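Novice: Build me a model:
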Amino acid sequence: MKASELRLKDISELNNELNSLLKAQFKLRMQMATKQLVNTAQINNTRKGIARIRTILTEKARKQSNG
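Specialist: Coordinates of the predicted model:
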């Protein structure tokens with residue numbers, strides 16, 4: 001998901017999205033450990049998605065604290 005699309009969501013939606021990506025990351029790591037993962041690029045894409053959401057959550061928190 002693009003950052004511009006994520007900026008349109010509110011904080012609760014972003015937190016739900018973050019939780020789902022964290023669960024997906026865990027599943028991917030378990031698949032990698034058991035040699036079941038075929039497309040290893042999924043791990044990097046998931047990590048980037050998590051970072052993107054956390055960045056936007058930080059931006060929104062700073063906006064709220066500054067007024």
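Novice: how about the residue minimising distance to the centre of the chain, what does it touch?
Specialist: For the chain, the residue whose C-alpha lies nearest the mean C-alpha position (Cα atoms, centre = their mean) is I50; its distance is 2.3 Å. Taking Cβ atoms under 8 Å, 6 or more residues apart in numbering, we find I50 in contact with L18, L21, L22, Q25. In this view, the C-beta of every residue, glycine as well, is placed from N, C-alpha and C.
Novice: Going through these, which ones are buried?
Specialist: If you count burial by 16 or more other Cβ atoms under 10 Å, the buried members of the contacts of I50 come out as L18, L21, Q25.
Novice: What about those, which are in helices?
Specialist: Where those overlap with helices, as defined by DSSP state H, the overlap consists of L18, L21, Q25.
Novice: buried stuff in the worst-scoring helix or strand of the chain on mean pLDDT?
Specialist: The weakest-scoring helix or strand in the chain, judged by mean pLDDT, DSSP states H and E, is helix 3-7 (a mean of 92). Neighbour-count burial for helix 3-7, with 16+ other Cβ under 10 Å as criterion, is recorded at L6.
Novice: what about that helix, distance to the chain center?
Specialist: Here helix 3-7 is found 12 Å from its chain centre; the criterion is Cα atoms, centre = their mean, to the nearest Å.
Novice: Which other helices and strands does that helix contact?
Specialist: Other elements packing on helix 3-7 under the criterion 3 or more Cβ pairs under 8 Å, 6 or more residues apart in numbering; DSSP states H and E are helix 41-66.
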